[in-house]
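**Q** Model the structure of this input:
(chains A, B, C and D)
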Number of protein chains: 2
Amino acid sequence: MPPLRNSSPTKPAARRGYHHGNLRQALLDAAVSLIETKGLDQVSVREVAKIAGVSPGAPFRHFPSRTALLTAVAEQATDRLIVEINKALAATEGENSLMQYRAIGIGFFRWAITNPVHFQVISTRTAIDFEGSSLVHRNGEIRAAMVRLMSDAQTEGLLRNTDASDAARHAVAGRALAYGLARMYIDGQFPSWGLRGADPLEEVIGMFDLFISSIAV
Amino acid sequence: MPPLRNSSPTKPAARRGYHHGNLRQALLDAAVSLIETKGLDQVSVREVAKIAGVSPGAPFRHFPSRTALLTAVAEQATDRLIVEINKALAATEGENSLMQYRAIGIGFFRWAITNPVHFQVISTRTAIDFEGSSLVHRNGEIRAAMVRLMSDAQTEGLLRNTDASDAARHAVAGRALAYGLARMYIDGQFPSWGLRGADPLEEVIGMFDLFISSIAV
DNA sequence: ACCTGAACACCGTTCAAGT
DNA sequence: ACCTGAACACCGTTCAAGT
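**A** Numbers count the residues shown, from 1 in each chain, chains lettered A, B, ... in the order given. Next up, the predicted model:
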């Protein structure tokens, strides 16, 4: 698997004009920390501006709307997700397609658990402009990789099922499982389901492996 | 499986005092239709009041806060979910534990697909007061039923795995899968994953059955 | 008992004016 | 080129006053 491409290389920070150096990034950081402390719904552009030390209207020089600001946070979140996925994929050099599919799941879990705020921003689609951003394309590449790897796994005879349509369904099921597990963990539901392990990452990987081994030959 | 208990039986509508009859319910209905048309984030108490034909302050006679109003919508959503689950469970009279676990999944899917707005309200936990409502208890009963049924399935020798801790993990995995599939369907992601079947309910049940049959003996 | 309508402290967003 | 600060049309919530 060649690594998934990430967004354009970091542009050089705009010099001067704003006394802190780079207002755009300062606003993104302020937004993330506000989401952490007060939750996504409570994020106001005005408070983000205040944290960054600028007037209420200043953010609109950099983002056309509150939605655009949150969408930019989601873009940043996707950057990090793709980094984690590529890291996990790189660790499966020479392994078979099913193990590479598994690696994408692992990367996703590692990202979600270490960046709960970013996970929340991406998964709350009503707060961002998903369709109108690069998210639809980059998310599509992750999906395409998952579908292709599962299809390859079928061709390579790694799956118990032999019906061609099952590969597509397994690819979706794995994604739904990963998403659901991450969401349940972030929402703090694990303890009530009897999952009290010290390491949630090990816990979700264990369950994902149950899925992988149950479809494998 | 005895049917899950639902909330208190419908109270008789308060007579008079408000010219439409029952403001509380009128507000809930207005909230649901607003969520449908403008999305959860765009719901304002003021506009809900306007739709119901009352002044901006009137809703606060019935709900202490915007969150409480949305939480009441979530309670109503849970009522419907439990109805669907009980319907599905009733149809599995005499079948084994694993089939009853499956029935809960079917009920959940039928509910989510026919009530996408209610699904969204319940699953967006930041918009409601989950912990401070009856939701935590009633949701807990659904969870307990799933855990017990999967554990019974293990005891009855219906599962391939024999490790006792696997039953708990299968119970969670099924829930995460069901949640993830419903969410992906509601978000309109099915077509891009190649799932273009006319009946989404059949589609998700098919994938849930893949899960059930992969853990069954 | 229930609703009105003014009031308060917030919002998102715009835009002329400043530097 | 970028930021300020006033302005506008909104919010959620409170509360005295009406019926």
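**Q** my guess is A:Ala127 meets B:Leu40, correct?
**A** No - here A:Ala127 does not reach B:Leu40: they are 9.7 Å apart, not a contact under C-beta atoms under 8 Å. (Glycine included, C-beta is placed from N, CA and C.)
**Q** The two: who's more crowded?
**A** Remark: of A:Ala127 and B:Leu40, A:Ala127 carries more neighbours, 25 against 22, as counted by other C-beta atoms under 10 Å in any protein chain shown.
**Q** Chain B contacts on chain A?
**A** A:39-41, A:124-127, A:140, A:143, A:147, A:160, A:166, A:168-173, A:175-181, A:183-184, A:187, A:190, A:192-195, A:206-207, A:210-211, A:214-215 (C-beta under 8 Å from any C-beta of the partner chain).
**Q** switch the cut-off to 7 Å
**A** A:39-41, A:125-127, A:140, A:143, A:168-169, A:172-173, A:176-177, A:179-181, A:183-184, A:187, A:192-195, A:206-207, A:210-211, A:214-215 (C-beta under 7 Å from any C-beta of the partner chain).
**Q** quick one, phi/psi of the nearest residue to A:Glu47 once chain neighbours are set aside?
**A** Leaving out its chain neighbours, the residue that sits closest to A:Glu47 by C-beta to C-beta, 6 or more residues apart in numbering or on different chains is A:Leu34, at 6.2 Å. Backbone torsions of A:Leu34, given as degrees, to the nearest 10, read phi -70, psi -40.
**Q** count of residues packed around A:Leu34?
**A** A:Leu34 has 19 nearby residues by other C-beta under 10 Å.
**Q** list the helices and strands the longest helix belonging to chain A packs on?
**A** Longest helix of chain A, by residue count under DSSP state H: helix A:66-90. Where contact means 3 or more C-beta pairs under 7 Å, 6 or more residues apart in numbering or on different chains; DSSP states H and E, helix A:66-90 is packed against helix A:23-38, helix A:97-114, helix A:116-123, helix A:135-155.
**Q** so does that helix get close to DNA strand D?
**A** No - with C-beta under 7 Å from any atom of the strand as the criterion, DNA strand D is not reached by helix A:66-90; the gap is at least 12.7 Å.
**Q** on that earlier part again, which one of the helices and strands packed on helix A:66-90 lies nearest to DNA strand C?
**A** helix A:23-38 (9.6 Å; C-beta to the nearest atom of the strand).
**Q** what about the longest helix of chain A and DNA strand C, any contact?
**A** Yes - legend: contact between helix A:66-90 and DNA strand C by C-beta under 7 Å from any atom of the strand is shown at A:66-67.
**Q** and if you look at stretch A:125-134?
**A** No - contact of stretch A:125-134 with DNA strand C (C-beta under 7 Å from any atom of the strand) is absent, the minimum separation being 10.8 Å.
**Q** For that stretch, list every residue counted as buried.
**A** A:125-128, A:130, A:133 (16 or more other C-beta atoms under 10 Å in any protein chain shown).
**Q** Give me the contacts around that stretch.
**A** Contact partners of stretch A:125-134, identified using C-beta atoms under 7 Å, 6 or more residues apart in numbering or on different chains, comprise A:7, A:40, A:67-68, A:70-71, A:74-75, A:121, A:136, B:39-41, B:187.
**Q** Going by neighbour count, which of the residues you listed comes out on top?
**A** Top of the contacts of stretch A:125-134 by neighbour count (other C-beta under 10 Å): A:Val121, with 26 neighbours.
**Q** re earlier: turn the helices and strands packed on helix A:66-90 into TSV, columns for mean pLDDT and distance to B:Thr114.
**A** Below are the helices and strands packed on helix A:66-90 laid out as TSV (pLDDT from 0 to 100; distance: least, C-beta to C-beta, whole Å):
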stretch	mean pLDDT	distance to B:Thr114
helix A:23-38	96	32
helix A:97-114	98	29
helix A:116-123	95	23
helix A:135-155	97	26
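**Q** What is the one helix or strand A:Ile212 maps to packed up against?
**A** For A:Ile212, the element it lies in under DSSP states H and E is helix A:200-215. In terms of contacts (3+ C-beta pairs under 7 Å, 6+ apart), helix A:200-215 is packed against helix A:97-114, helix A:164-186, helix B:164-186, helix B:200-215.
**Q** Export these as TSV, with columns for distance to B:Glu93 and mean neighbour count.
**A** Below are the helices and strands packed on helix A:200-215 laid out as TSV (distance: least, C-beta to C-beta, whole Å; neighbours: other C-beta atoms under 10 Å in any protein chain shown):
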stretch	distance to B:Glu93	mean neighbour count
helix A:97-114	38	22
helix A:164-186	29	22
helix B:164-186	21	22
helix B:200-215	18	19
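**Q** Out of those, the one nearest DNA strand D is which?
**A** helix B:164-186 (23.2 Å).
**Q** That closest one: how far from the chain's middle?
**A** 14 Å (C-alpha atoms, centre = their mean, to the nearest Å).
**Q** That helix near chain A at all?
**A** Yes - using C-beta under 7 Å from any C-beta, we find that helix B:164-186 touches chain A at B:168-169, B:172-173, B:176-177, B:179-181, B:183-184.
**Q** what residues does that helix touch?
**A** With C-beta under 7 Å, 6+ apart, helix B:164-186 has contacts from A:173, A:176-177, A:179-181, A:183-184, A:193-195, A:206-207, A:210-211, B:101, B:105, B:108-109, B:112-113, B:116, B:119-120, B:123, B:146-147, B:150-151, B:154, B:159, B:190, B:200, B:204, B:207-208, B:211, B:215.
**Q** make it 6 Å
**A** A:176-177, A:179-181, A:184, A:193-194, A:207, B:105, B:108, B:112, B:116, B:146-147, B:150-151, B:154, B:200, B:204, B:211, B:215 (C-beta atoms under 6 Å, 6 or more residues apart in numbering or on different chains).
**Q** just the angle between that helix and helix A:164-186, please?
**A** Going by axes from the mean of the first three to the mean of the last three C-alpha atoms, to 10 degrees, helix B:164-186 is angled at 100 degrees with respect to helix A:164-186.
**Q** In PDB, list the C-alpha atoms belonging to stretch A:81-92.
**A** Below are the C-alpha coordinates for stretch A:81-92, written out as PDB (Å, rounded to 0.1, in the frame of the first residue of the first chain):
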ATOM      1  CA  LEU A  81      -5.700  10.700  11.000                       C
ATOM      2  CA  ILE A  82      -3.900  10.100   7.800                       C
ATOM      3  CA  VAL A  83      -0.500  10.400   9.600                       C
ATOM      4  CA  GLU A  84      -1.600   7.600  12.000                       C
ATOM      5  CA  ILE A  85      -3.000   5.400   9.200                       C
ATOM      6  CA  ASN A  86       0.200   5.700   7.200                       C
ATOM      7  CA  LYS A  87       2.300   4.900  10.300                       C
ATOM      8  CA  ALA A  88       0.300   1.800  10.900                       C
ATOM      9  CA  LEU A  89       0.400   0.800   7.200                       C
ATOM     10  CA  ALA A  90       4.200   1.300   7.100                       C
ATOM     11  CA  ALA A  91       4.500  -1.200  10.000                       C
ATOM     12  CA  THR A  92       2.800  -3.900   7.800                       C
END
